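A.B. asks: what shape does this take:
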Amino acid sequence: MIKNKTYVYADFEFTKLASPNGKNFLLSIALVTDDKNIYFYAEKDLSSFAMNNLDEWIKKNVVDNFIINKDSLNPNHHIFENKHQLKEMLKEWFEKSFKNNKEIVIVLDVGQFDWVYFCDIFDSAFNIPKNIFYAPIDISTLFFLNKNISSEVYSNGDVDRLKFIEKYSKDKQILENINKQHNSLFDAYVCKECFYLLSK
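C.D. replies: The predicted structure is shown next:
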C-alpha cells in the first residue's frame with residue numbers, strides 16, 4: 001500500500017455481467033474509505049420499473065438486499081433515478097470528501113465490469129474526476145498472485161472472501177452482516193478488509 005495515495009474501495013451491482021446499455025444498468029454503488037464516516041452508497045429507484053424484467057437471481061440476491069429506507073435517509077445514502085443524477089451525486093461527494101489533492105486509487109474485486117460501469121457514469125474514462133488514478137487495483141489479481149493463502153479458504157478454485165476474512169482478520173465484525181452479501185455496501189467493506197490483509 002502506497003502511503004501518499006487515497007484508497008477508495010468500491011463495489012457495483014448491475015443487472016447483467018455485460019457492458020452498460022439501455023437493458024443493462026447499474027442497480028447500486030458503494031464507495032468506502034479508510035475513514036468509516038466517509039462513504040457513498042446509492043440505490044437505483046425501481047419504483048416504476050417492471051420487476052419481471054429482472055433476472056430472478058438479481059431480484060433475490062441484489063434487490064432484496066437493498067437497505068435504504070426512503071422515509072429516513074442516512075446522509076451517506078442516496079437514491080438515483082438515472083445516470084446523470086448519479087454522476088452529479090458522485091462529483092459532489094468526491095469534491096467534498098477529498099480536499100487534500102492526493103491521488104485517489106479505486107480498489108475493486110473482479111473489477112472489469114465495475115470499472116466499465118464507473119467510467120460510464122461519467123460518460124467516458126476521460127471524464128472521471130481528475131484526481132482519480134486511471135487504473136483501478138483488482139484484489140482478485142492480488143489473490144491470484146499470493147501463494148501463501150491457506151487452501152482452507154478456497155472454494156471452487158477461488159478464494160472465498162468471507163472465509164479469508166474469518167481466517168486472517170482480527171476484526172470479525174464485518175461477518176456479522178454476512179446475510180447482506182451482494183449488497184454493494186457490504187461487498188465494498190469486504191473488498192476493503194481483503195485489501196488490508198493482502199497488503200500486509
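
A.B. asks: where along this protein do the strands fall?
C.D. replies: 5-14, 26-32, 39-44, 77-80, 103-108, 137-138, 154-155, 158-159 (DSSP state E).

A.B. asks: where does the prediction get shaky in the chain?
C.D. replies: Residues of the chain meeting the criterion pLDDT under 70: 1-2, 178-179.

A.B. asks: okay, and the beta partners of the residue nearest the centre of the chain?
C.D. replies: Centroid-nearest residue in the chain, with C-alpha atoms, centre = their mean: residue 11, separated by 1.2 Å. Residue 11 forms beta bridges with residue 30, as assigned by DSSP bridges.

A.B. asks: does it really touch residue 108, like I thought?
C.D. replies: Yes: using C-beta atoms under 8 Å, residue 11 is in contact with residue 108, at 7.4 Å. In this view, the C-beta of every residue, glycine as well, is placed from N, C-alpha and C.

A.B. asks: which neighbours do the two have in common?
C.D. replies: Shared contacts of residue 11 and residue 108 (C-beta atoms under 8 Å, 6 or more residues apart in numbering): 114, 191.

A.B. asks: can you pull the contacts of residue 104?
C.D. replies: For residue 104, the contact set (C-beta under 8 Å, 6+ apart) comprises 5, 6, 7, 8, 94, 98, 129, 131, 132, 133.

A.B. asks: from the residues you listed, pick the one nearest residue 170.
C.D. replies: residue 7 (19.5 Å; C-beta to C-beta).

A.B. asks: ok, what's across the strand from the closest one?
C.D. replies: Bridge pairing for residue 7 - DSSP bridges - gives residue 105.

A.B. asks: so how many other residues sit close to it?
C.D. replies: 19 (other C-beta atoms under 10 Å).

A.B. asks: wait, isn't it in contact with residue 31?
C.D. replies: No: using C-beta under 8 Å as the test, residue 7 is too far from residue 31 to be in contact (10.6 Å).
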